[in-house]
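Peer 1: Quick one: sequence and predicted model below, then my questions.
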Amino acid sequence: MLQNCLSKKNATEDTKEITVQFDLKDQEKHEIIVVDESGKEMTITIEPIMLSEREDYGRINRLSYQHLFPYGKSTYQVKAATPYMGISYFIDVNVPNNIEESRIIKAYSYDYWIIGGTLNNISLSHTEKTAKFSADVSWLGGLGGANVYVKATLSGNLLTISTRM
């Protein structure tokens, strides 16, 4: 397991949100396992996708040009998983010479899996600084439901992942 994150904030009882910050300039897979106060385990992963690897993903544009970070366009897969649910999507990040002007230029190809429930009202949206997968979960057997999300926020070369699952 890789643990190359800068900081993490465990979930609080009020929000159930977990936040982890990653430094993208390493161009390595970053993965961390976070355990909240109730003992629920969540794995959060940021993985750079190189052009040759991108060809293995059928839903991704194969003709895309890619630079290595810190300058130019890079692609990352954002993933969050618990023992009963997993969510992932890809983001394209552009970093010009002025790193403070970095931006997310595309969020696409989401995927998910869930055990014992369904996801409804699924959306994947992005702005220049954030990308967010959001859905409503309904648990089978009438155990309730909630909104779940995995949000990536870009600031310079730092990518902060906030999630509630």
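Peer 2: Everything's here; your move. Numbering: from 1, shown residues only.
Peer 1: give me every residue that touches the residue nearest the centre of the chain.
Peer 2: Centroid-nearest residue in the chain: residue 78, 2.9 Å away (criterion: Cα atoms, centre = their mean). Applying Cβ atoms under 8 Å, 6 or more residues apart in numbering, we find residue 78 in contact with 45-46, 88-91, 131, 150, 152, 161. Every residue, glycine included, has its C-beta placed from N, CA and C.
Peer 1: wait, which of those is closest to residue 22?
Peer 2: Nearest to residue 22 out of these is residue 46 (Cβ to Cβ; 4.8 Å).
Peer 1: Let me know whether that closest one touches residue 28 as I believe.
Peer 2: No. Residue 46 is not in contact with residue 28 according to Cβ atoms under 8 Å; the separation is 9.3 Å.
Peer 1: what about these two, which has more around it?
Peer 2: residue 46 (25 against 14; other Cβ atoms under 10 Å).
Peer 1: could you say what helices and strands the one helix or strand the more buried one maps to packs with?
Peer 2: Secondary structure assigned from DSSP states H and E places residue 46 in strand 41-49. Judged by 3 or more Cβ pairs under 8 Å, 6 or more residues apart in numbering; DSSP states H and E, strand 41-49 is in contact with strand 18-23, strand 30-35, strand 72-82, strand 158-164.
Peer 1: The longest one: partners in the sheet, and parallel or antiparallel?
Peer 2: Put plainly, it is strand 72-82. Strand 72-82 sits in its sheet next to strand 41-49 (antiparallel), strand 85-95 (antiparallel), going by DSSP bridges.
Peer 1: List the neighbours of the first one that are in contact with it.
Peer 2: Defining contact as Cβ under 8 Å, 6+ apart, one finds that strand 41-49 is touched by 18, 20, 22, 24, 27-36, 57, 60, 69, 74-83, 90, 159, 161, 163, 165.
Peer 1: Buried ones among the residues you listed?
Peer 2: Neighbour counting with 16 or more other Cβ atoms under 10 Å marks 18, 20, 22, 24, 30-32, 34, 60, 69, 74-82, 90, 159, 161, 163, 165 as buried within the contacts of strand 41-49.
Peer 1: picking that back up, got the contacts of residue 78 as JSON lines, with distance to residue 139 and pLDDT columns?
Peer 2: Converted to JSON lines, those look like this (distance: Cβ to Cβ, whole Å; pLDDT from 0 to 100):
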{"residue": "45", "distance to residue 139": "24", "pLDDT": "96"}
{"residue": "46", "distance to residue 139": "28", "pLDDT": "94"}
{"residue": "88", "distance to residue 139": "21", "pLDDT": "98"}
{"residue": "89", "distance to residue 139": "23", "pLDDT": "98"}
{"residue": "90", "distance to residue 139": "28", "pLDDT": "97"}
{"residue": "91", "distance to residue 139": "29", "pLDDT": "97"}
{"residue": "131", "distance to residue 139": "26", "pLDDT": "98"}
{"residue": "150", "distance to residue 139": "18", "pLDDT": "97"}
{"residue": "152", "distance to residue 139": "26", "pLDDT": "97"}
{"residue": "161", "distance to residue 139": "24", "pLDDT": "96"}
